[in-house]
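# Sequence unavailable; structure follows:
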């Protein structure tokens, strides 16, 4: 039956994007930490501190996205609400990471 959260052919709960966002968000936390380490190649200054803080916040955004995706996979939870917030935070985290990478590219000589 459409809209009941089950795959019509097997009766298995539909997982949506959460099954993909969960491991990817966890990986992106590691990517943020790697970029933080690479950022230390840049000369010390206000811009590097700003990039460090941006990437640290971004790692937290990805962590919260992973937690929300995990919660949406658990049975008996309001799945769609958690999944929607997890997806939104994941996209925001990607945007922040891209912004940090662009700024970092212009700071490193």
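That came through, no problem. Note that the structure is a prediction, hence the values are computed from the model and not measured. Numbering: from 1, shown residues only.
# Surely residue 80 and residue 72 touch.
Yes: Residue 80 lies in contact with residue 72 (Cβ atoms under 8 Å); the separation is 7.5 Å. In this view, the C-beta of every residue, glycine as well, is placed from N, C-alpha and C.
# where in the protein is pLDDT low?
Applying pLDDT under 70 to the chain flags residues 1-15, 77, 109.
# what helix or strand does the residue nearest the centre of it sit in?
When Cα atoms, centre = their mean is applied to the chain, the residue found nearest the centroid is residue 62 (3.1 Å). Using DSSP states H and E, residue 62 falls within helix 46-73.
# What is that helix packed up against?
Secondary-structure packing of helix 46-73 (3 or more Cβ pairs under 8 Å, 6 or more residues apart in numbering; DSSP states H and E): helix 18-39, helix 79-107.
# got a markdown table for those helices, with distance to residue 52 too?
Formatted as a markdown table, the helices and strands packed on helix 46-73 follow (distance: least, Cβ to Cβ, whole Å):
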| stretch | distance to residue 52 |
| --- | --- |
| helix 18-39 | 6 |
| helix 79-107 | 9 |
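# Out of those, which gets nearest to residue 49?
The closest of the helices and strands packed on helix 46-73 to residue 49 is helix 18-39. By Cβ to Cβ, the value is 9.7 Å.
# ok, the closest residue to residue 87 other than its chain neighbours - how many residues close by?
Spatial nearest neighbour of residue 87, chain neighbours left out: residue 17 (5.8 Å); criterion: Cβ to Cβ, 6 or more residues apart in numbering. Neighbour count for residue 17, taken as other Cβ atoms under 10 Å: 15.
# and residue 89, how many neighbours does it have?
A total of 22 residues lie near residue 89 under the criterion other Cβ under 10 Å.
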